[in-house]
Each structure stands twice: as C-alpha cells, then as structure tokens.
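> coordinates only, sequence not included:
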DNA sequence: AATTGTGAATTCCTTCACAGCC
DNA sequence: GGCTGTGAAGGAATTCACAATT
C-alpha cells in the first residue's frame, strides 16, 4: 500500500464532502455521483474522485458512491468515530462564546471545560453549564475530563506560555485564535484561525473593487495602479 | 504596467508581513532584509521578495527594506489607510463576543453595530457599548454608520436569506462563520471562517499521530492503513 | 450507458540561483 | 559585500480525458 503524504487541502475538502453527505443521507438519497457532488460546490468532479481514491476505492463505476457508506468512511478518515472533548483556555467573550457554540451540537465535538487565571471567573459556569477552572489545574482536568483538543482564546502576549503548559500536559491538537506564530514539538498539531488575515483580505478586496467605505466610488481599474504609484512615490521620496 | 492577477495566498502573506513590520517599527528597527523577515516566520526569503515586487519595488539592493516605508505600503495595498466599520448580524454569543473582540483595538477595524430579529435583544448594548439594532433597519443603519463590512454570525439555516438582504443593502465584503456555501454576485467578496473544517482537520491529525482521545495509544504507522481497510471492507460488504 | 479511477497535461505556487545594483 | 528583483527550475495541486468497469 502506498502511504503517500496526504495534503491538508485534501483533508479540508473531505470535511466539506462529509458535510454534504450528512445532508444527503438525511434526505434519504442513496447514491450520488462525483459530478453531482461537484456541482453542489464549485468543485471539479475529478478532484473529488482523486481526493477519495487516496483512501481507498469507495465508488462503483457506472453508478456512483453509496451515500451512507461514503459518509461513514469519511467519518472514519477524519477521526470522527470517537468523540472529542474540548477544553478552552481563556474565559473571555470569545472563550465563553465558543464554549456555548451551537455548531458543536449534533457533532461529536463537545466543549467540556473552560480555563482562566482570573480568580473572579473561576468556579462560574456558562449558560450551558460549562465550568471555568483554574488554569493551574489544567493537567488534572484534562485527564479527568478526557480532553484531547485545546482551544486557545487568550491574549497574544501570553499565548506561547500557555501553549507550553498545554503541550506539557500531553495535548496533541490545538486551535488558536491569536494571530501569532507558535512553537510546538513535531507531534503536536496547531491550527490557527486568524481573523486579522480574513479582515485584511476583505479590506483588500474592497479597495480593489473600487468600493471605498462610505461609497465614495473610486474606479476599479485604476485602483491597484494608484496603490503602486503611491508606494513608488514613497520609495523615491525616502 | 502589468496587471497580473494577485493570488489570495499572496494577500494573506502580506497581512503576516505587515504584522511583523508593525512590531519592528515599534521596536525602532529601521531596516530589515527579506532573509531576516523570512527566518522570523517559516518562510522563504525569495517568496517575500516575489510577493512584494508584485506591487512595486520597495527594497534597496545591498540594504534591505525600510521598515516604516514598507509598513505604510502594505497598509495601503491592504486598504488599511481608511478605517472599516463592521456590522455584525446575529447577537448570539458569537456575535456579541466579536463585537467586543479585543483584536480590533489598535486596528482600524471597528465593530459599530449588532443586528438581530429577536425583540428581546433589540435596543440592548454590549459591555463595550455596541447597540443591537433590528435587522429590519439594516440598510438604514449601514448608511448611517458607514458600515462597509458585515459579519454573519447567524444560524446556517437562515444565512443565505440574511446575506441576500446584506447584498441588497450594497455591502461588498462579508465574513461568515457558518459552514455553508453561499451565493453572491461577482462583485461581493465572502470569506468563510469554517470552524468545523478546523476541528475535523485536528481530529484527523490526532487519529494519524496515533493518539486516541483518552490516550489509548494506537500505533501511528498502522493507522491510515487500518482506516482504508475498514473502508474497503465496508465497500465489499455492501 | 454511465461513472469511476487514473496517467498525462496543465496550471499554479514555491524555491533556486544569479545578474544587477547600492 | 550584501541584498534585491527575477528568469528559470522544480514541485504541488488541479483539471483533462479516457480506459476500465459495472
């Protein structure tokens, strides 16, 4: 068996395919072709097939894919046959919102604990009843509650420090909301959700489509050119 | 002047470069080489130079880049010379957390309004004083408060409906937290922050590093193989 | 007839390596 | 000497197009 390295992009798409298959199976659809799946997103049918065949041959030529079977296979590939308990560090607005995040319901991800170092907050519970623990007890609570994923919702200034403790506690999967490069051992996976990049990217798109905030209406074609000119001028004047 | 299409990946990296330059300029560093920048993240110095030269020639051969100048150019390219007012639709946990998100402070993004259709919530304010408006008044408030970016923090079931109203109100930049494919006209940019994909991806990584939740310790090398076998067996048995 | 699985072609992105410049 | 800007090489991801299969 080939054990080709599987790309992150493929994994992300599997998640998207799975979402659609969950829907289809609820609708009672029994079989779907890669072409049908492809048109539901803006994807290429060959890409779907390529992605899937990296894990086995799930389809039937001339027929398509059995929805329920493929769904179960994707669940297995994505490690969703076991449930995951999530601990969230940082009981600020973001941490608490995530703890009670409705996106978890119906999935096998479950927020089970919040952590903070603010004595005011420790001992309190969220609306959905998730307790805030002292981050000093991180390691113990992780074991006690079988936490395998930690979400970091703490200020950027302390995040590496916190992460080191998380790693020391044996956690191998981390999701961070701070826009900061993080250092971890090779066997720990860190995903960063960087809202700053998303907003900057939106801002760039706005500028380039010629829409100024307040709708002052700058012409689109001229825009990128103008920017370069601004920069080139600055370059010369320095 | 060439008007080559600039890739999304490049734009995202510009945001990262900018973040570092903001830091460097605060530290009083006046000049930096692409090599120095590259080692600060795990990037290739040629990539940084390639990214930058798509917008002009900002560097000085033999010297490097002037930190403050490059910072200002990146700000201009990313459309950060004007400030952006953000409206958030959905005054649930997530929406409110975002409204008071500390990541905005010091940036020129500012949450200025929340929207909801729950009469209970309308008229209330967040801790930081951002008011919740009736989504019926969306268009008016957008104009009144010069909102140019809308964040969607509403349930997936109604998101396309809400988005249609947002587009009708003339908004060209949208950030969505719902894991759902969205339809918009060509001139509207939608960014999706898909936490489900992030968690699935983490889950996959955990499975593949041989770490089971609860640390039951499955051997790593065997894992992907096992999954395929599971799937192939299901395939045969169907 | 229809649809998968896949080598080949293509496109896109990254990295190398060096000419050009300060 | 040191560093940028860039053509060329290399690598990765996507798409095409068709043989294989039911």
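Looks like it arrived, so ask away. This structure is a prediction, so every number in the text was calculated from the model and none was measured.
> residues from chain A in reach of DNA strand C?
By Cβ under 7 Å from any atom of the strand, the residues of chain A that approach DNA strand C are A:32-35, A:45-46, A:49-50, A:52-53, A:57-65. Placement of C-beta: from N, CA and C, glycine included.
> tell me, which of the residues you listed make contact with chain B?
A:57, A:58 (Cβ under 8 Å from any Cβ of the partner chain).
> Next SSE downstream of the biggest strand by length in chain A?
Scanning chain A for the strand with the most residues, using DSSP state E, yields strand A:109-116. Going down the chain from strand A:109-116, the next helix or strand is strand A:132-134, by DSSP states H and E.
> helices or strands next to the next helix or strand after that next one in the packing?
Remark: after strand A:132-134, the chain's next helix or strand is helix A:138-144, criterion DSSP H and E. Counting contacts by 3 or more Cβ pairs under 8 Å, 6 or more residues apart in numbering or on different chains; DSSP states H and E, helix A:138-144 is packed against strand A:84-89, strand A:109-116, helix A:159-168.
> Wondering if the shortest one reaches chain B at all.
The one in question is strand A:84-89. Yes. Using Cβ under 8 Å from any Cβ, strand A:84-89 reaches chain B at A:84, A:85.
> Also stretch A:189-206?
Yes. Using Cβ under 8 Å from any Cβ, stretch A:189-206 reaches chain B at A:189, A:191, A:193-206.
> Show me how chain A divides into domains.
Per automatic domain parsing, the structural domains of chain A span A:8-77, A:84-193, A:196-237.
> picking that back up, buried only: go through the residues of chain A next to DNA strand C for me.
A:32, A:33, A:34, A:49, A:52, A:58, A:59, A:64, A:65 (16 or more other Cβ atoms under 10 Å in any protein chain shown).
> still on that earlier bit, which one of the domains of chain A lies nearest to residue B:156?
domain A:84-193 (8.6 Å; Cβ to Cβ).
> any idea of the mean pLDDT in that closest one?
Computed over domain A:84-193, the mean pLDDT rounds to 96.
> how far does it stretch from start to finish?
Using Cα to Cα, to the nearest Å, one end of domain A:84-193 lies 19 Å from the other.
> what distance separates that domain from the middle of the whole chain?
Mean-position distance between domain A:84-193 and its chain equals 14 Å (Cα atoms, centre = their mean, to the nearest Å).
> What of stretch A:27-44?
Using Cα atoms, centre = their mean, the offset of stretch A:27-44 from its chain centre is 23 Å.
> Please enumerate residues in contact with it?
A:13, A:16-17, A:20-21, A:24, A:45-49, A:52, A:59, A:63-68, B:181 (Cβ atoms under 8 Å, 6 or more residues apart in numbering or on different chains).
> And stretch A:116-127, by the same measure?
Stretch A:116-127 has contacts (Cβ under 8 Å, 6+ apart) with A:89-91, A:95-96, A:99-100, A:114, A:131-136.
> If you count neighbours, what's buried in it?
Buried, per 16+ other Cβ under 10 Å, within stretch A:116-127: A:116, A:121, A:122, A:126.
> Need phi/psi at the second one.
Which is residue A:121. Dihedral pair for residue A:121: phi -90, psi -30, per degrees, to the nearest 10.
> Look up how far DNA strand C lies from it.
Taking Cβ to the nearest atom of the strand, to the nearest Å as the measure, residue A:121 and DNA strand C are separated by 40 Å.
> ditto for the first one
Computed as Cβ to the nearest atom of the strand, the residue A:116 to DNA strand C distance reads 37 Å.
> what's the answer for the last one, then?
Note on residue A:126: its distance to DNA strand C, by Cβ to the nearest atom of the strand, is 39 Å.
> Excluding covalently adjacent residues, which one is nearest to residue A:113?
Nearest residue to residue A:113, sequence neighbours excluded (Cβ to Cβ, 6 or more residues apart in numbering or on different chains): residue A:87, at 4.7 Å.
> Who does the one you found form a beta bridge with?
With DSSP bridges as the criterion, residue A:87 is bridged to residue A:113, residue A:150.
> residue contacts, it?
Residue A:87 neighbours (Cβ under 8 Å, 6+ apart): A:111-115, A:138, A:141-142, A:145, A:147, A:149-151.
> who touches residue A:167 in this structure?
A:184, A:185, A:188.
> Do you have the helices of chain A handy? List them.
A:8-26, A:34-40, A:45-53, A:67-77, A:93-99, A:138-144, A:159-168, A:195-208, A:220-237 (DSSP state H).
> right, and residue A:194 touches residue A:175 too?
No. The pair residue A:194 / residue A:175 is not scored as a contact, 11.4 Å apart, by Cβ atoms under 8 Å.
> quick revisit: cross-check the residues of chain A next to DNA strand C against DNA strand D and keep the overlap.
Answer for those near DNA strand D (Cβ under 7 Å from any atom of the strand): A:46, A:50, A:60, A:61, A:62, A:63.
> residues near residue A:18, how many?
Look at residue A:18: counted by other Cβ atoms under 10 Å in any protein chain shown, it has 22 neighbours.
> Spatially nearest residue to it (excluding sequence neighbours)?
Residue A:18 sits nearest to residue A:74 (Cβ to Cβ, 6+ apart), 4.2 Å away.
> ok, now which ones touch that neighbour?
Counted by Cβ under 8 Å, 6+ apart, residue A:74 has contacts A:14, A:17, A:18, A:21.
> hmm, which two among the residues you listed are most spread apart?
A:14 and A:21 (10.1 Å).
> Check the gap between residue A:139 and residue A:167 for me.
11 Å (Cβ to Cβ, to the nearest Å).
> Residue A:79 too?
Residue A:79 is 20 Å from residue A:167, by Cβ to Cβ.
> And residue A:78, by the same measure?
In terms of Cβ to Cβ, residue A:78 sits 23 Å off from residue A:167.
> Which of the contacts of residue A:167 has the largest number of neighbours?
Most surrounded of the contacts of residue A:167: other Cβ under 10 Å gives residue A:188, at 19 neighbours.
> can I assume it is in contact with residue A:172?
Yes. Residue A:188 lies in contact with residue A:172 (Cβ under 8 Å); the separation is 5.3 Å.
> what comes into contact with stretch A:186-197?
A:163, A:167, A:171-180, A:182, A:184, B:12, B:15-16, B:19, B:101, B:103, B:107, B:175, B:193, B:195, B:198, B:201-202, B:205-206, B:209.
> Select only the buried ones of the residues you listed in PyMOL?
Buried members of the contacts of stretch A:186-197, defined by 16+ other Cβ under 10 Å, are picked up in PyMOL with:
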select buried, (chain A and resi 163+167+171+172+173+174+175+176+177+178+179+180+182+184) or (chain B and resi 12+15+16+19+101+103+175+193+195+198+201+202+205+206+209)
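> rewinding a little: which one of the contacts of residue A:74 has the most neighbours?
Of the contacts of residue A:74, with other Cβ under 10 Å as the count, residue A:14 tops at 25 neighbours.
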